[in-house]
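K.L.:
sequence and predicted structure are below.
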Amino acid sequence: MSMAKRSLVVLYTHALVWLLGWAMPQIAMAAPQGNEYERATALLASQANEGILKAVALLGAAEHPEGLAILEALQARQLKIDAAGVLFAPADLEAKSELVTIRAELRGQAPRDPLRPVPLNNAIRREVERVLAQLRLSAEDITLRRTAAEELAAHPSEETVELLRGRLGEEPDAAIRDLLRLGVAKVELSAADPALRRAAIETIGELGDVSMLDPLRRLVQANPDGSFSEADASVRAAGEAVLSKLERRRMVFNLVANTVYGLSLASVLLLAALGLAITFGLMGVINMAHGEMLMLGAYATYFTQGVFSDFAPAYMELYLLAAIPFAFFVTAAVGILLERSVIRRLYGRPLETLLATWGLSLILIQIVRLLFGAQNVAVANPSWLSGGWSLLPSVVVPYSRIAVLLFTAVVVTFVWMVLQRTSLGLRVRAVTQNRSMAAGIGISTQRVDMWTFGLGSGVAGLGGVALSQLGNVGPELGRQHIIDSFMVVVLGGVGNLLGTILGSLGLGLANKFLEPVTGSVLGKIFILGLLILFIQRRPQGLFALKGRAAED
């Protein structure tokens, strides 16, 4: 080969190498997102901090369908590297034990021990949080976008404010846009430009975020030397106007919240006191074991949950519906047994009845401890009772409490129908008004006592079903409600259904409105003092018992 040809070959080779060196990065940049995803997963397995940071950026830019899940797994330290340097993740990219490879050419490969997590330092963690927020805010799922916006609006920063501004013009949902605006306003509240601070205050006032009350108070508050934290008078004036508006808004929120929670407490008190009002009004028995009927109803619900979990897991969502009649019949049977064996022998001796039923309550508590243990047990809410209803921005009512309110209405209607529309109810009313005359016309008062005591105990068991959905269940559950139950019955009037309803409403609302002012303990003491004064003035309660016996 001649010298000229050799020179041409060398020149051609150099040109080809230069051309390939220039073209390959362009090809890589124009490659489909799947290639960027594969590069990112390879970099994650490199264990180098710079490589992991590049991988995080690539996953954010590529917007691969699995990128969000992989970054969440990285944040939770669930990404693993095996002995061969292969990257593995949980099978469904959630916290599970089964691992699979996340690179396409290695899918299905089993990991080799030992496994170690992908390194995650503070710099990587901050970048992951930023990219995750970006991906979530641009996701198609509106719930995911709303959750991300809520998190960023609650804790905005200088690093995320540009991201929030960028999404404002692209977000189609008005509620999410308001969250983005709120996050920007919280950051701009500390901006150097007074116009930005004033605009941020106006945005906070427009959105009505009561969580900003304290920052606004600090902004307009005078320092000990007479100066202000906010030097600009126009910004302070805007802050004072918005502060007054938010304080009125919070007052309305507190009023609504206390009313809702007071109604919820009243429903619990009504369920606890309803059965007691029946038995106390008919027989005059101070039944200190009534609280344990609530406890037995709650444990009957726990037992039903266990039966469904072991023998019918496919129908687990329906266990609560099955627990309602089961708890009623179990507690009614226990009540009839107690009345037939002990209480019937003590009629007319109230002090001895009180001591006997107190002893029965201790026996029932000990039996439950032997059967289920001394520790509290958890009764799970079905999925259709999980979550809550956002009544106002800062008032969320759990579905379980809404269900208890509706359930209480059903139980009260059931008791009213029994007492007003059945032959048993007719006999109960006759014996309540004049026991001797009812016996004289052929009514078996002992049988009426037995069935009435069973009904009252069964209703208490239904109260236990409701209480099991509001908290843990334990052997001491009944003692927490027995005193309040007696207070409701005495306030409403012995044996009066309407009085029991109004008494529970009054005590429930009074408790919730007094607690923020006086505290829970002082609130109860204050209510007890008012109740004593009321009974001194009107011993028969809100509604007096009607009939010859009452007049005597």
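P.N.:
All right, it came through fine.
K.L.:
from here on, just use CA atoms for contacts and neighbour counts.
P.N.:
Noted.
K.L.:
how about the contacts made by residue 363?
P.N.:
Not one residue lies near residue 363 by C-alpha atoms under 8 Å, 6 or more residues apart in numbering.
K.L.:
where in the stretch 51-200 of the chain is pLDDT low?
P.N.:
Applying pLDDT under 70 to the stretch 51-200 of the chain flags the ranges 62-65, 91-98, 104-108.
K.L.:
which residue ranges of it form helices?
P.N.:
Remark: helices assigned in the stretch 51-200 of the chain by DSSP state H, counting those that start in this stretch are 67-75, 122-137, 142-154, 158-168, 174-188, 194-207.
K.L.:
name the helices or strands packed onto the second one?
P.N.:
The contact analysis (3 or more C-alpha pairs under 8 Å, 6 or more residues apart in numbering; DSSP states H and E) places helix 122-137 against helix 49-62, helix 67-75, helix 142-154, helix 158-168.
K.L.:
now do the fifth one
P.N.:
Applying 3+ C-alpha pairs under 8 Å, 6+ apart, one finds that helix 174-188 makes contact with helix 142-154, helix 158-168, helix 194-207.
K.L.:
show me which residues of that helix are buried.
P.N.:
Neighbour counts using 16 or more other C-alpha atoms under 10 Å place 176-188 of helix 174-188 among the buried residues.
K.L.:
just the last one next, same as before
P.N.:
Within helix 194-207, the residues that qualify as buried are 194, 196, 197, 198, 199, 200, 201, 202, 203, 204, 205, counting by 16+ other C-alpha under 10 Å.
K.L.:
not counting sequence-adjacent ones, nearest residue to the second one?
P.N.:
What that stands for is residue 196. Spatially, and ignoring its direct neighbours in sequence, residue 196 is nearest to residue 188 (6.1 Å; C-alpha to C-alpha, 6 or more residues apart in numbering).
K.L.:
verify the stated contact: that neighbour with residue 197.
P.N.:
Yes - at 5.7 Å, residue 188 and residue 197 qualify as touching, with contact defined as C-alpha atoms under 8 Å.
K.L.:
which stretches of the stretch 201-350 of the chain have low pLDDT?
P.N.:
281-282.
K.L.:
pop the domain breakdown of this protein in here.
P.N.:
26-123, 153-231, 257-551 (automatic domain parsing).
K.L.:
indicate which one of the ones you listed is closest to residue 137.
P.N.:
Set against residue 137 and scored by C-alpha to C-alpha, those come closest in domain 153-231, at 7.4 Å.
K.L.:
now the strands for the chain?
P.N.:
Under the criterion DSSP state E, the chain contains strands at 80-81, 87-90, 99-101, 116-117, 388-392, 395-398.
K.L.:
and residue 381, which of the ones you listed is closest to it?
P.N.:
strand 395-398 (11.0 Å).
K.L.:
what angle sits between the longest helix anywhere in the chain and helix 194-207?
P.N.:
If you go by DSSP state H, the chain has its longest helix at helix 233-283. If you take axes from the mean of the first three to the mean of the last three C-alpha atoms, to 10 degrees, helix 233-283 sits at 20 degrees to helix 194-207.
K.L.:
can you give me how far helix 233-283 is from the chain middle?
P.N.:
Centroid separation between helix 233-283 and its chain, computed with C-alpha atoms, centre = their mean, to the nearest Å, is 17 Å.
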